[in-house]
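A.B. asks: Here is the input, now give the coordinates:
(one chain, ligands or ions: 2)
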Amino acid sequence: MIRFEDVAFEYIRRDEEGNVEGITRALDGVSVHIRKGEFVAVLGANGSGKSTFAKHINGLLIPGEGSVRVGGYDTKDEENLLKVRQMAGMVFQNPDNQIIAQTVEEDVAFGLENMGIPTDQMQARVDEALEKVGLTEEKKSSPNRLSGGQKQRVAIAGVLAMKPECIIFDESTAMLDPAGRREVLSTAHELNRQQGITVILITHYMNEAVGADRILVMDRGRIAMDGKPRDIFSKVDELKKLKLDVPPVTELAHRLRKSGMPMPVCVLTEDEFLEAVNTNGGWLPQGGLKYGKR
Ligand SMILES: Nc1ncnc2c1ncn2[C@@H]1O[C@H](COP(=O)(O)OP(=O)(O)OP(=O)(O)O)[C@@H](O)[C@H]1O
Ligand SMILES: [Mg+2]
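C.D. replies: Numbers count the residues shown, from 1 in each chain. Ligands and ions are numbered 1, 2, ... in the order given. Reported below is the predicted structural model:
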């Protein structure tokens with residue numbers, strides 16, 4: 001579905017006269033293949049190249065070296081760009097910057113107008129997209145009245161109306177409260193599971209990466225790690241060197257294990273943690289701790 005081959009990209013800063021002031025190599029030898037239907041989380045410290053990577057997937061940036069193919073279309077060929085942008089849609093960080101229209105449905109229709117979709121097909125596409133993100137009842141509302149999480153779902157619906165194969169979330173939960181974050185994250189998971197949409201989720205929240213099929217860790221423009229969440233988050237020390245953390249519950253289990261308590265090598269969720277404690281803790285009340293599913 002998405003294939004990067006030895007991609008490098010440099011931002012060139014120039015002064016007012018056009019002289020080169022500095023060059024940042026934001027991607028450096030990136031080769032990766034993302035299959036259709038995968039849910040991939042992308043982690044990495046500030047400035048490691050995540051957004052630059054994302055912008056290559058929908059042709060907002062074109063590789064300086066190497067190639068990017070999306071659904072077989074090389075993003076370097078200008079005649080492919082419309083197709084690439086329709087196939088891979090982006091949802092950004094700030095919900096307020098992404099809303100343009102007076103009503104929710106007009107906002108979702110906006111991208112379709114630009115794509116030249118005939119008017120008689122537009123309403124059906126808009127309705128379908130709003131249904132998928134659970135905002136049918138808000139379609140006549142003003143987007144300004146919605147919560148941050150709902151606004152992000154409007155942005156997702158705008159992308160869905162284009163019938164994409166892939167959605168890239170570039171820190172789309174960063175400005176939301178915990179409820180809004182859960183809303184957006186569960187929408188991403190539903191679209192992946194139910195519609196088979198490939199999801200690329202860029203985040204600074206380690207917890208959000210736990211449910212991914214695969215994690216890519218970026219460092220100084222390179223892909224430093226690529227694996228399943230359990231493989232990645234068991235490398236606590238390596239992640240710390242890349243200025244990253246593991247989920248809090250993973251960290252706690254790791255420390256308990258280091259101090260001699262029997263714990264599985266990598267605990268990813270609170271349920272797994274409690275399971276391990278109940279299995280191993282001879283000091284617990286008979287029958288283990290009682291806890292409810294979250
Ligand atoms: N428009 C730009 N012009 C010049 N340099 C840029 C530009 N955008 C990004 N960079 C530089 O390229 C590098 C990679 O930036 P990028 O935005 O891809 O990182 P990121 O991993 O998304 O960071 P963050 O976590 O802060 O969003 C950084 O050194 C950044 O300063
Ligand atoms: Mg970024």
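A.B. asks: Can you pull up the most central residue in the protein?
C.D. replies: What sits nearest the mean C-alpha location of the chain, by C-alpha atoms, centre = their mean, is Leu201, with 1.0 Å.
A.B. asks: Check whether that one really touches Asn207, as I assumed.
C.D. replies: No - the criterion here is C-beta atoms under 8 Å, and Leu201 misses it with Asn207 at 11.7 Å. Yep, even glycine has a C-beta here, placed from its N, CA and C like the rest.
A.B. asks: quick one, what contacts Glu113?
C.D. replies: By C-beta atoms under 8 Å, 6 or more residues apart in numbering, the contact set of Glu113 is Met122.
A.B. asks: which residues in the stretch 1-150 of the chain form strands?
C.D. replies: Along the stretch 1-150 of the chain, counting by DSSP state E, counting those that start in this stretch, strands occupy 2-14, 20-34, 39-44, 65-70, 73-74, 88-91.
A.B. asks: nearest to Thr279, of these?
C.D. replies: Closest approach to Thr279 among the strands of the stretch 1-150 of the chain is made by strand 39-44 (28.3 Å; C-beta to C-beta).
A.B. asks: who are the neighbours in contact with Ala224?
C.D. replies: Counting by C-beta under 8 Å, 6+ apart, Ala224 makes contact with Gly44, Val217, Met218, Leu242.
A.B. asks: Specify the beta-bridge partners of the third one.
C.D. replies: Applying DSSP bridges to Met218 gives these bridge partners: Gly44, Ile223.
A.B. asks: For it, give me its contacts.
C.D. replies: By C-beta under 8 Å, 6+ apart, the contact set of Met218 is Val42, Leu43, Gly44, Ser48, Gly49, Lys50, Phe53, Ala224.
A.B. asks: could the residues you listed go into TSV alongside pLDDT and distance to Gly158?
C.D. replies: As requested, the contacts of Met218 are arranged in TSV below (pLDDT from 0 to 100; distance: C-beta to C-beta, whole Å):
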residue	pLDDT	distance to Gly158
Val42	98	22
Leu43	97	26
Gly44	97	27
Ser48	97	28
Gly49	97	26
Lys50	97	22
Phe53	98	22
Ala224	97	33
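A.B. asks: Filtering those by proximity to ligand 2, which remain?
C.D. replies: Among the contacts of Met218, the residues within reach of ligand 2 (C-beta under 5 Å from the ion) are Lys50.
A.B. asks: For the contacts of Met218, could you give me a markdown table that also reports distance to ligand 1?
C.D. replies: Listed next are the contacts of Met218 as a markdown table, based on distance: C-beta to the nearest ligand atom, whole Å:
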| residue | distance to ligand 1 |
| --- | --- |
| Val42 | 8 |
| Leu43 | 9 |
| Gly44 | 5 |
| Ser48 | 4 |
| Gly49 | 4 |
| Lys50 | 3 |
| Phe53 | 7 |
| Ala224 | 12 |
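A.B. asks: Can you tell me which of the contacts of Met218 is closest to Thr136?
C.D. replies: For these, the nearest to Thr136 is Val42 (31.2 Å; C-beta to C-beta).
A.B. asks: And for Val154, the neighbour number?
C.D. replies: Neighbour count of Val154, defined by other C-beta atoms under 10 Å: 25.
A.B. asks: Show me what from this protein comes close to ligand 1.
C.D. replies: Tyr11, Arg13, Thr24, Ala26, Gly44, Asn46, Gly47, Ser48, Gly49, Lys50, Ser51, Thr52 (C-beta under 6 Å from any ligand atom).
A.B. asks: Before we move on, what's the pLDDT of Glu171?
C.D. replies: Looking at Glu171, its pLDDT is 94.
A.B. asks: what does Gly287 give?
C.D. replies: pLDDT, Gly287: 58.
A.B. asks: what's the answer for Ala109, then?
C.D. replies: 92.
A.B. asks: Could I get the contacting residues of it?
C.D. replies: Ala101, Met122, Val126, Ala161.
A.B. asks: Narrow those residues to those that are buried.
C.D. replies: Met122, Val126, Ala161 (16 or more other C-beta atoms under 10 Å).
A.B. asks: Of the residues you listed, which is the nearest to Glu78?
C.D. replies: The closest of those to Glu78 turns out to be Ala161 (C-beta to C-beta; 24.1 Å).
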